[in-house]
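Asks: fold the following, please.
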Amino acid sequence: MESKGKVRTSGILLTGEAARLLGVAGATVIAWQRSGKLPALRSESGVRMFRRADVEKLAAERAAKEKRGR
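Replies: Next comes the predicted model:
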């Protein structure tokens, strides 16, 4: 089990881990997933899982947008 505050190094992240990498709340990650902004996988038990590559892509897009001044 992962420790709170840590992010796993594998290619799959849970909601809290994705939120930490993106610098947002878990609820924001879920809202982005529901709106289609961030694709997610689901485990058999329904747990949301995010591909690290998708999270990093969104983080880069957000950083570029901030750099441009929105």
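
Asks: in three-state terms, label Val24 for me.
Replies: Following DSSP: H, G, I helix; E, B strand; the rest coil, the label given to Val24 is coil.

Asks: dump the residue contacts of it.
Replies: By C-beta atoms under 8 Å, 6 or more residues apart in numbering, the contact set of Val24 is empty. All C-beta atoms are positioned from the backbone trio N, CA, C, and that covers glycine.

Asks: quick check: phi and psi at it.
Replies: When quoted as degrees, to the nearest 10, the phi and psi of Val24 stand at phi -130, psi 170.

Asks: for Glu44, see how far away it is.
Replies: 27 Å (C-beta to C-beta, to the nearest Å).

Asks: name the residues of stretch 39-57 that are buried.
Replies: Ala40, Arg48, Phe50, Arg51, Arg52, Asp54, Val55 (16 or more other C-beta atoms under 10 Å).

Asks: inside helices: which ones of these?
Replies: The helices, defined by DSSP state H, take in Arg52, Asp54, Val55 from these.

Asks: and those residues, which is closest to Ser10?
Replies: Nearest to Ser10 among those: Arg52, at 7.4 Å, using C-beta to C-beta.
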